[in-house]
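here is a sequence with its predicted model. Questions after.
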Amino acid sequence: MGKQVYDYTDMLNNFSENLKSKRKQLGLTQKELASIVGISVKTIQNYENKKTIPTSAVMESISIALNISLNRMLGINELNS
């Protein structure tokens, strides 16, 4: 099998979009999510607006808080990863 190649720009865009949509779907404010994850509201805003890139640890914490797999947040097909 060949190496799996990922488009990280697409994955980060997916993360930002899924963060915002899943947060809203759960009825969480940016402030509430920031409090759960332990980061600032401004940081959540920057992630949602694609202004900053979260660390892998923060991405994992956010996905846990939103009850969605990190692969799904990144738009990775979980059957092929």
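Cool, the structure landed.

the longest helix anywhere in the chain packs against which elements?
For the chain, the helix reaching the highest residue count under DSSP state H is reported as helix 8-25. Contact analysis of helix 8-25 by 3 or more Cβ pairs under 8 Å, 6 or more residues apart in numbering; DSSP states H and E lists helix 41-48, helix 70-74 as its packing neighbours. In this view, the C-beta of every residue, glycine as well, is placed from N, C-alpha and C.

redo those helices as CSV? Include distance to Ser61, mean neighbour count and mean pLDDT.
Compiled in CSV, these are given as follows (distance: least, Cβ to Cβ, whole Å; neighbours: other Cβ atoms under 10 Å; pLDDT from 0 to 100):
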stretch, distance to Ser61, mean neighbour count, mean pLDDT
helix 41-48, 11, 17, 98
helix 70-74, 10, 17, 94
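
of all these, which one is nearest Asn14?
Distance to Asn14, taken as Cβ to Cβ, is lowest for helix 70-74 among those, at 5.5 Å.

what helices or strands is that closest one leaning on?
helix 8-25, helix 56-65.

which element follows the first one toward the C-terminus?
Right, helix 8-25. Using DSSP states H and E, the helix or strand that directly follows helix 8-25 along the chain is helix 30-37.

which residues touch that following helix?
Where contact means Cβ atoms under 8 Å, 6 or more residues apart in numbering, the residues beyond helix 30-37 that reach it are 23, 28, 40-41, 43-45, 48, 58, 61-62, 65-66.

just give me how far that helix sits from the chain centre.
The chain centroid and the centroid of helix 30-37 are separated by 13 Å under Cα atoms, centre = their mean, to the nearest Å.

list the buried ones in it?
Across helix 30-37, burial judged by 16 or more other Cβ atoms under 10 Å covers 30, 33-34, 37.

check stretch 21-29 too.
For stretch 21-29, burial by neighbour count (16+ other Cβ under 10 Å) applies to 22-23, 28.
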